[in-house]
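Engineer: Could you work out the structure for the sequence below:
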Amino acid sequence: MSEAPFRLTDDMLAVIEATHLCFCATVTPDGLPNLSPKGTIRAWDERRLFFLDIASPRTRANLEHRPVLELNVVDPLSRRGYRFRGTATLHAGDDVHRKATRRIRMEEGVRYEAAATVLIDVAVGERVVSPGYLHVPDETAMRIHWRHRRDELDAAFERFLFGAPPYRHGE
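Structural biologist: Numbers count the residues shown, from 1 in each chain. Predicted coordinates for the structure are as follows:
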């Protein structure tokens, strides 16, 4: 008897749409881990995800060598999300790539120069939940706590930035 194929749940879709950021883990040809943030994660359909390869030559090379990956998508205020494992296919110059880049451009209003679209056939989706839930009654309390905490952390970082030279892309 075979298992039913993986399907993204409404909660998984909501976390992905609220976050649009994930961390992608791949394996280098010499067996080392590679972790890279991806800011264009979206659902392709009920069982696949995608992101644009905007500036990720190592991720792309790793996937060309070994097309497996894990994505972690976690909402920073709720401190919960999902770990997705699956197999990736790279798309450049085809209908998948054109559709994905058009969608991101329409949603974000920005045209990215994407070398490829990474389409992930998700085999496993597992919940990721912070142990912080041991100290709060529910998700509402967690989100309230992290809104305040986020303000404190942002203020501390902005004090640092006030005395530091500004970051400029490419430096």
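Engineer: Mind naming the longest helix for the chain?
Structural biologist: helix 139-163 (DSSP state H).
Engineer: Does anything pack onto that helix? Which helices or strands?
Structural biologist: Where contact means 3 or more C-beta pairs under 8 Å, 6 or more residues apart in numbering; DSSP states H and E, helix 139-163 is not packed against any helix or strand. In short, each C-beta sits where N, CA and C put it, glycine included.
Engineer: How far does that helix sit from its chain's centre?
Structural biologist: For helix 139-163, the distance from its own C-alpha centre to the chain's C-alpha centre is 21 Å (C-alpha atoms, centre = their mean, to the nearest Å).
Engineer: Ok, stretch 103-114 next?
Structural biologist: That offset, for stretch 103-114, works out to 16 Å (C-alpha atoms, centre = their mean).
Engineer: and the most centrally placed residue in the chain, what does it touch?
Structural biologist: By C-alpha atoms, centre = their mean, the chain has its centre lying nearest to Cys22, at 1.6 Å. Cys22 sits next to Ile16, Pro37, Lys38, Ile41, Phe51, Leu71, Asn72, Val73 when contact means C-beta atoms under 8 Å, 6 or more residues apart in numbering.
Engineer: Check what contacts the longest helix of the chain and list those residues.
Structural biologist: In contact with helix 139-163 (C-beta under 8 Å, 6+ apart) are residues Pro76, Leu77, Ser78, Arg79, Arg80, Ser130, Gly132, Tyr133, Val136.
Engineer: Can you give me the pLDDT of the closest residue to the first one other than its chain neighbours?
Structural biologist: Spatial nearest neighbour of Pro76, excluding adjacent residues (C-beta to C-beta, 6 or more residues apart in numbering): Trp146 at 6.7 Å. In the predicted model, Trp146 carries a pLDDT score of 96.
Engineer: Now do Trp146 against Arg7, distance only.
Structural biologist: 29 Å (C-beta to C-beta, to the nearest Å).
Engineer: go on, Glu171?
Structural biologist: Per C-beta to C-beta, Glu171 is found 44 Å from Arg7.
Engineer: Who has more neighbours out of those two?
Structural biologist: Arg7 (11 against 6; other C-beta atoms under 10 Å).
Engineer: Met12: how many residues sit nearby?
Structural biologist: Met12: 19 surrounding residues under other C-beta under 10 Å.
Engineer: For Thr26, grab phi and psi.
Structural biologist: phi -130, psi 180 (degrees, to the nearest 10).
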